[in-house]
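>>> only geometry, no sequence info:
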């Protein structure tokens, strides 16, 4: 006989709150905590386990998540009405938790695609990238000629080509040509140009934009060639001629793109971008730590995991600096946090404008609380590098790439940095993809899984339900990474997500 799971979850012995597994009605006695709920407690929300004075700190995960904005009684619902953000003085303790790398695991493989230059791909697309929003319509019109859902005959002879995709955006002009904003944009686009999941890339511009294609290529010392071509609407003589030219170019590229064969390649070739979106009170309990365990397994194989979303580690960055292998790595992370504080101040924003409305509905109250759960995605291994947005990752292991917390912007940067797979945890139910890198979505709770299973790849809510451990779920995620990298389609790929989610980070002044 299976014992029913207790109604609440305690994460730390010193915590001032426990988390409701499911909705708990007012007047319910929680015997394990010796309290009675004072009001209805929504699923995933917090309950005070002691009387807390106004102005006193409140802890979850053994860490401060805010201050009581009014007296909170034992058994009360703890949320935005009585818990406020606070500044926390963090002990960065650089390297205190860093440890020697674990012994190498028995090498595993996945069925990947080896490019002639040795790069390893998990997918095989032809990409069309626009230098400016003015060429977006043309790029999409070209890609539409090769859509299997509306023109199945177009790629009938090319079964090894996953698709022809147009990656468009809304910027590329009216920005300072010497600015950091244009450097970020070019770094992003050139990163996609060399991404192993593209067998070939077309760059299409208008012709007169600030973001000239020649400058995009020069930013990474790239030269046009058989698999990297470019042209503009103005030089082709208009929209119709440009579309016709682009279609001809793609047709010429397809035979070579189809000449790929999947073969066993080491799991060390995987670079996984870690994302969480639509987080809830369960994220830091189920999907995020389970993904963290999968990251530990990946790193043991020599693979790479990229943690990002800098505003969503704010208040928890000390958990990463403690794992930094060197002082230089820790200082780089702290510098990015300081940049964000200044960036927000200059623009009249606050780091605590996050969590979102959906996050709060799911039980998260302050950015401190959200961040403590978010860093669990990074597992337990050392922090081995800190990178600017879309910069090439040149080391293995667990690394950090600076980015906003907005998922499409963050994942776009991770893919530009080299991620050939994305793992995305969600509590509220995100619908998301990230061409050319396949994206796995991990539900934090069973209710979301049951409601939106068609978009979710795995239900980590089994941890809350008591039918799986974090370690067991982490091993399932790791195996799913290998299967997806080997060609098994994710739910987002089946639904056709990915092209609209190409969103380079825009930080510059538009004039």
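Thanks, I have it. In this text the structure is predicted, and so the values were computed from the model without any measurement. Numbers count the residues shown, from 1 in each chain.
>>> C-alpha from now on. contacts and neighbour counts both.
Will do.
>>> the helices in the stretch 351-500 of the chain, which residues?
357-361, 367-374, 407-417, 446-451, 462-465, 470-485, 491-495 (DSSP state H, counting those that start in this stretch).
>>> what's the answer for the stretch 151-300 of the chain, then?
180-193, 213-218, 233-236, 239-257, 287-300.
>>> may I see the buried residues of the worst-scoring helix or strand of the chain on mean pLDDT?
The weakest-scoring helix or strand in the chain, judged by mean pLDDT, DSSP states H and E, is helix 357-361 (a mean of 89). Going by neighbour count (16 or more other CA atoms under 10 Å), the buried part of helix 357-361 is 358-361.
>>> try stretch 327-346
Those would be 329-334, 336-337, 340-341, for stretch 327-346 by 16+ other CA under 10 Å.
>>> quick one: mean pLDDT for it?
Stretch 327-346 shows a mean pLDDT of 96.
>>> what do you get for stretch 418-433?
95.
>>> gap between the two ends of that stretch?
Length of stretch 418-433, first residue to last, CA to CA, to the nearest Å: 16 Å.
>>> what's near enough to touch residue 497?
432-435 (CA atoms under 8 Å, 6 or more residues apart in numbering).
>>> out of these, which two sit at the greatest distance?
Pairwise distances among these were taken by CA to CA; the largest, 10.1 Å, belongs to 432 and 435.
>>> between the two, which has more neighbouring residues?
residue 435 (29 against 23; other CA atoms under 10 Å).
>>> what's the distance between the closest residue to residue 173 other than its chain neighbours and residue 135?
Setting aside the residues directly before and after it, residue 173 is nearest to residue 210 in space (CA to CA, 6 or more residues apart in numbering), at 4.8 Å. Using CA to CA, we find residue 210 at a distance of 13 Å from residue 135.
>>> more neighbours: these two, which one.
residue 135 (23 against 17).
>>> what's in contact with stretch 276-283?
19, 44-45, 288, 358-364, 370, 373-374, 407, 424-430, 444-445.
>>> which residues sit in contact with residue 154?
Neighbours of residue 154 in contact, by CA under 8 Å, 6+ apart: 145-148.
>>> what residues are up against the residue nearest the centre of the chain?
Centroid check for the chain by CA atoms, centre = their mean gives residue 275 as the closest residue, at 2.4 Å. Neighbour list for residue 275: 307-309, 407, 411, 422-425 [criterion: CA under 8 Å, 6+ apart].
>>> strand partners of the strand ranked longest in the chain, parallel vs antiparallel please.
In terms of residue count, the longest strand belonging to the chain (DSSP state E) is strand 198-205. Here strand 198-205 is paired, per DSSP bridges, with strand 125-130 (parallel), strand 228-232 (parallel).
>>> can you redo the ones you listed as a markdown table with mean neighbour count?
Formatted as a markdown table, those follow (neighbours: other CA atoms under 10 Å):
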| stretch | mean neighbour count |
| --- | --- |
| strand 125-130 | 27 |
| strand 228-232 | 19 |
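>>> just among the contacts of residue 154, which is most surrounded?
residue 146 (21 neighbours).
>>> may I see the helices of the stretch 351-500 of the chain arranged in JSON lines, with distance to residue 322 as well?
Formatted as JSON lines, those follow (distance: least, CA to CA, whole Å):
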{"stretch": "helix 357-361", "distance to residue 322": "27"}
{"stretch": "helix 367-374", "distance to residue 322": "14"}
{"stretch": "helix 407-417", "distance to residue 322": "23"}
{"stretch": "helix 446-451", "distance to residue 322": "33"}
{"stretch": "helix 462-465", "distance to residue 322": "27"}
{"stretch": "helix 470-485", "distance to residue 322": "23"}
{"stretch": "helix 491-495", "distance to residue 322": "35"}
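>>> mean pLDDT lowest for which of the ones you listed?
helix 357-361 (a mean of 89).
>>> domains for the chain, by residue range?
8-84, 112-257, 266-495 (automatic domain parsing).
>>> which of these is buried the deepest?
Mean neighbours per residue, mean count of other CA atoms under 10 Å, is largest over the domains of the chain for domain 266-495, with a mean of 23.
>>> end to end, how far does that domain reach?
Start and end residues of domain 266-495 are separated by 29 Å (CA to CA).
>>> repeat for stretch 319-336
Termini of stretch 319-336 sit 15 Å apart (CA to CA).
>>> again, but for stretch 51-70
11 Å.
>>> now stretch 391-398
15 Å.
>>> and stretch 223-236, by the same measure?
20 Å.
>>> now that stretch, how far from the centre of its chain.
31 Å (CA atoms, centre = their mean, to the nearest Å).
>>> now stretch 248-256
That offset, for stretch 248-256, works out to 32 Å (CA atoms, centre = their mean).
>>> need the contact partners of it.
Residues contacting stretch 248-256 (CA under 8 Å, 6+ apart): 126, 158, 161, 200, 227.
>>> include pLDDT when you put those into TSV, please.
Below are these laid out as TSV (pLDDT from 0 to 100):
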residue	pLDDT
126	98
158	98
161	98
200	98
227	96
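>>> tell me which two in those are the farthest apart.
Going by CA to CA, the pair spanning those furthest: 158 and 227, at 16.7 Å.
>>> ok, residues contacting stretch 500-511?
Under CA under 8 Å, 6+ apart, the answer for stretch 500-511 is 167-169, 171, 174-176, 179-182, 184-185, 188, 403-404, 408-410, 412-413, 432-435.
>>> what distance separates the start and the end of that stretch?
End-to-end distance (CA to CA), stretch 500-511: 25 Å.
>>> and what of stretch 310-318?
13 Å.
>>> out of the helices of the stretch 351-500 of the chain, which is closest to residue 153?
Per CA to CA, nearest to residue 153 of these: helix 491-495, 18.6 Å.
>>> what sits up against that closest one?
Counting by CA under 8 Å, 6+ apart, 431-433, 438-441, 454-457, 498 sit against helix 491-495.
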